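Student: Fold the following.
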Amino acid sequence: MNAMINPVEERVGFAGGYDASADRGKVLMVAANPSVSEQTGWPIGAWAAELTHPYLEFARAGYAVDIVSPLGGKVEFDGYSDPRDPSGYSAGDVISLGFVHSPGLMQQLESTAAIAEVNGDDYAAIFLVGGQSPMYTFRNNAALKQLFARFYESGKPSAAVCHATCILLDTQLSDGSLLVKNKAWTGFADSEEQFADQAVGQRIQPFWIETEARKIAGTNFKVKPAFTPYAIRDGHLVTGQQQNSGAEAAQLVIELLAQ
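Tutor: Here you go, the predicted structure:
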């Protein structure tokens with residue numbers, strides 16, 4: 001961390017950073033590469049709170065965090081999720097505000113490693129960050145699904161939040177079965193998609209995760225009322241419903257790591 005700490009950074013807890021003396025291991029966070037929505041034409045990326053809030057939980061618990069992306073390179077936040085965005089939509093997200101005003105943390109987003117460079121043995125858990133871009137850049141990414149399945153099959157906490165849970169619609173284990181078979185899990189709800197579409201006056205996403213999940217036999221997709229913080233742990237699979245659920249999902253991962 002930089003020696004100079006600004007007041008926002010200190011207020012939300014990033015000033016303390018990772019406690020190296022704890023040496024509890026490392027968590028791998030996967031954030032989406034920037035893309036462009038085929039529905040709206042907007043530039044899209046990772047949702048800030050789904051990265052920053054879990055990051056803070058892991059750091060406070062003594063875990064180091066590495067941020068990577070499917071292709072490597074720069075990670076950018078969805079506009080509405082950036083507390084500096086002129087829309088003001090996330091202006092009250094002081095945790096993300098602390099992150100974006102922490103040069104050492106933001107530097108990690110400038111040139112991420114690609115998942116192909118990741119050695120899963122180096123990490124205690126995996127955490128997939130949501131946002132709008134995952135609906136395009138995660139959904140059909142075979143390498144990412146294989147990485148997530150390897151973590152899961154090795155018995156490590158394997159987490160995904162919000163739209164990152166789209167990969168669970170068809171991620172398979174080594175025996176060919178669906179990872180979510182006989183599992184309870186969550187992700188961005190149809191009610192939340194409806195709210196977002198109505199707010200902007202058009203369809204935003206190419207598909208809705210809840211709608212697709214309910215077509216899968218032998219799985220239990222669960223949601224709470226729109227934008228309620230909600231995370232589920234089923235075995236060592238952890239999922240969070242939306243951007244208000246990232247910290248809760250991280251806490252469940254931390255509980256698993258402590259066992």
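
Student: so how many other residues sit close to K222?
Tutor: When neighbours are counted by other CB atoms under 10 Å, K222 registers 16. Any C-beta I mention is one placed from the backbone N, CA and C, and that applies to glycine too.

Student: how near is it to E248?
Tutor: Distance from K222 to E248, counting by CB to CB, to the nearest Å: 14 Å.

Student: Next: A46.
Tutor: From A46 to E248 the distance is 18 Å (CB to CB).

Student: May I have the phi/psi pair for A64?
Tutor: Note on A64: its backbone torsions stand at phi -80, psi 150 [degrees, to the nearest 10].

Student: thinking again about what came up before, ok, A46 and E248, which is more surrounded?
Tutor: A46 (33 against 20).

Student: Show me the beta-bridge partners of the more buried one.
Tutor: For A46, the beta-bridge partners are F77, G131 (DSSP bridges).

Student: Test my guess that it contacts F127.
Tutor: No - in this structure, A46 is not within contact of F127 by CB atoms under 8 Å, at 11.9 Å.

Student: Hmm, D78 and G45 touching each other?
Tutor: Yes - G45 is in contact with D78 according to CB under 8 Å; the separation is 5.1 Å.

Student: anything in contact with each of those two?
Tutor: Listed as contacting both G45 and D78 by CB atoms under 8 Å, 6 or more residues apart in numbering are G131, Q132, S133.

Student: can you redo the residues you listed as JSON lines with pLDDT?
Tutor: Converted to JSON lines, these look like this (pLDDT from 0 to 100):
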{"residue": "G131", "pLDDT": "97"}
{"residue": "Q132", "pLDDT": "97"}
{"residue": "S133", "pLDDT": "98"}
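
Student: Return the member of the residues you listed nearest to H101.
Tutor: Lowest distance from H101 to those (CB to CB) belongs to G131, with 20.3 Å.

Student: Just the strands from the stretch 51-200 of the chain, written as ranges.
Tutor: 64-69, 113-114, 125-128, 158-161, 184-185 (DSSP state E, counting those that start in this stretch).

Student: Quick check: pLDDT value at the closest residue in space to R139 that isn't next to it in sequence.
Tutor: Spatial nearest neighbour of R139, chain neighbours left out: C166 (4.9 Å); criterion: CB to CB, 6 or more residues apart in numbering. In the predicted model, C166 carries a pLDDT score of 98.
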